[in-house]
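Participant: Got a sequence here, can you model it:
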Amino acid sequence: MTFNNYFQKIFNNKNLTKDEAMHAFDIIVSGKVSNIEISSFLVALSLKGINHNELLSSVKVLRSKCLKINTKGIVVDTCGTGGDKKNTLNISTATAILASACGVTIAKHGNKSVSSKSGSSDVLKELGVDINAPLKKVENCLKNIKLCFLMAPLYHNAMKNVAEVRAKIKIPTIFNLLGPLLNPASANIQLIGVYSYDWMMPIAKCLKELNVKKAWVVHGKDGLDEITTTNKTDVIEVYKNKVKRFQIDPVKLKLKKSKLSFLKGKNAAYNAKQILNLFSGDFKNIYYKEIVVLNTAAVLVLSNKCNNLKQGILIAEKNLINGNALKKLNLLIKFTN
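Facilitator: The predicted structure is shown next:
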């Protein structure tokens with residue numbers, strides 16, 4: 001079938017088969033069709049509704065074209081979908097560094113801001129990390145300090161063929177969902193925040209078929225693509241080829257109930273200063289501290305560093321207070337420059 005055949009099929013509200021979807025996405029990322037054709041296809045797919053085969057096939061195509069880094073054993077990623085439009089402080093980035101300080105091997109996948117004022121790469125660059133460090137240096141970083149940052153465009157060259165289209169389309173497309181599913185270090189444990197409750201199960205099913213070791217797909221009832229402290233958080237756990245739903249209630253964990261306004265971020269410079277304050281033991285913004293600690297606790301549970309979130313919170317707080325998080329950040333800066 002031709003690309004136009006695939007477009008006509010989804011335009012007529014019919015799902016693509018796995019093989020059709022793989023061929024269609026291979027054509028898209030190989031630069032064999034125009035921006036107008038790509039745009040029409042992506043919009044039609046979003047309006048039809050993206051099904052499991054289409055999401056999984058797009059992941060498999062992009063994974064096959066990804067530049068990968070060598071890893072061994074357990075590797076964890078805290079990359080979420082972004083797109084919640086809440087403009088919070090950088091939570092998953094601070095979580096990644098703190099979790100590494102607690103003994104977890106972290107390969108943080110990320111990019112520049114799309115929906116917020118400061119994405120993971122923006123804030124790390126402001127902190128002094130070389131976000132464009134070459135592959136060998138990144139591998140060395142992960143091996144020696146058990147923490148690295150993977151700047152998405154450096155590893156997903158195929159995505160350049162859709163970059164311009166993505167920037168112009170004003171509605172979410174399938175590419176908004178792919179970041180957490182394309183880690184170049186093949187992360188086998190993941191904490192994935194999603195911007196919409198509706199995408200929790202589709203992403204969980206993808207992770208199951210991709211044979212992830214263990215993952216939590218999370219969405220706060222306040223709309224955050226993080227485990228939130230303003231309300232309960234819905235969670236889908238993927239483990240041993242099964243999926244299980246549960247909720248996390250910060251009140252039951254003896255955490256202060258926050259408001260989104262207490263977690264608001266600004267630009268990269270402001271958000272970087274908040275991370276430095278947090279890692280330096282300045283807990284004036286107790287709400288930022290607690291949401292980072294809670295998300296770190298989740299990573300520790302997923303990585304079998306503790307048995308439950310209450311234990312994880314204590315471990316995370318200890319590594320903030322004793323300065324290990326700041327030391328880990330400084331090591332990341334040193335090893336990338």
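
Participant: Could you break the chain into its assigned domains?
Facilitator: Per automatic domain parsing, the structural domains of the chain span 3-64, 76-336.

Participant: low-confidence ranges in this protein?
Facilitator: 113-117 (pLDDT under 70).

Participant: what are the ranges of the helices in the protein?
Facilitator: Assigned by DSSP state H, the chain shows helices spanning 3-11, 18-29, 35-48, 52-64, 91-101, 120-127, 135-145, 152-155, 160-168, 200-209, 268-279, 286-302, 309-321, 324-336.

Participant: Tell me which of the ones you listed is the most buried.
Facilitator: helix 91-101 (a mean of 29; mean count of other CB atoms under 10 Å). Every C-beta, even on glycine, is put in place using the N, C-alpha and C of the backbone.

Participant: What separation do you get for residue 252 and residue 315?
Facilitator: 18 Å (CB to CB, to the nearest Å).

Participant: Next: residue 74.
Facilitator: 17 Å.

Participant: Stretch 26-41: end-to-end distance?
Facilitator: Taking CA to CA, to the nearest Å as the measure, stretch 26-41 stretches 13 Å from start to finish.

Participant: The helices of the chain: which one's closest to residue 191?
Facilitator: helix 286-302 (5.5 Å; CB to CB).

Participant: what's the angle between the closest one and helix 309-321?
Facilitator: Between the axis of helix 286-302 and that of helix 309-321 there is an angle of 120 degrees, by axes from the mean of the first three to the mean of the last three CA atoms, to 10 degrees.

Participant: and helix 286-302, what other elements does it pack with?
Facilitator: helix 91-101, strand 189-193, strand 214-220, helix 268-279, helix 309-321 (3 or more CB pairs under 8 Å, 6 or more residues apart in numbering; DSSP states H and E).

Participant: Present these as TSV; the columns should include distance to residue 164.
Facilitator: Formatted as TSV, these follow (distance: least, CB to CB, whole Å):
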stretch	distance to residue 164
helix 91-101	27
strand 189-193	27
strand 214-220	30
helix 268-279	24
helix 309-321	40
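
Participant: out of those, nearest to residue 150?
Facilitator: helix 91-101 (10.8 Å).

Participant: Report the distance from that closest one to the chain centre.
Facilitator: 12 Å (CA atoms, centre = their mean, to the nearest Å).

Participant: what does that helix contact?
Facilitator: 76-80, 106, 108, 110, 120, 123-124, 145-147, 191, 193, 226, 263, 275, 278-279, 291-293, 295-296, 299-300, 303, 316, 319-320, 324-325, 327-329, 332 (CB atoms under 8 Å, 6 or more residues apart in numbering).

Participant: hmm, back to that, for residue 258, which of the helices and strands packed on helix 286-302 is the nearest?
Facilitator: The nearest among those, by CB to CB, is strand 214-220 at 10.6 Å.

Participant: Tell me what angle the closest one forms with helix 286-302.
Facilitator: In terms of direction (the same axes, to 10 degrees), strand 214-220 departs from helix 286-302 by 150 degrees.

Participant: how close does residue 237 sit to residue 198?
Facilitator: 18 Å.

Participant: got it, and residue 2?
Facilitator: Taking CB to CB, one finds residue 2 at 31 Å from residue 198.

Participant: again, but for residue 20
Facilitator: Relative to residue 198, and taking CB to CB, residue 20 is found at 23 Å.

Participant: Could I get the helices of the chain in a markdown table, plus columns for distance to residue 217?
Facilitator: Converted to a markdown table, the helices of the chain look like this (distance: least, CB to CB, whole Å):
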| stretch | distance to residue 217 |
| --- | --- |
| helix 3-11 | 25 |
| helix 18-29 | 21 |
| helix 35-48 | 20 |
| helix 52-64 | 13 |
| helix 91-101 | 13 |
| helix 120-127 | 18 |
| helix 135-145 | 24 |
| helix 152-155 | 19 |
| helix 160-168 | 23 |
| helix 200-209 | 5 |
| helix 268-279 | 25 |
| helix 286-302 | 11 |
| helix 309-321 | 16 |
| helix 324-336 | 25 |
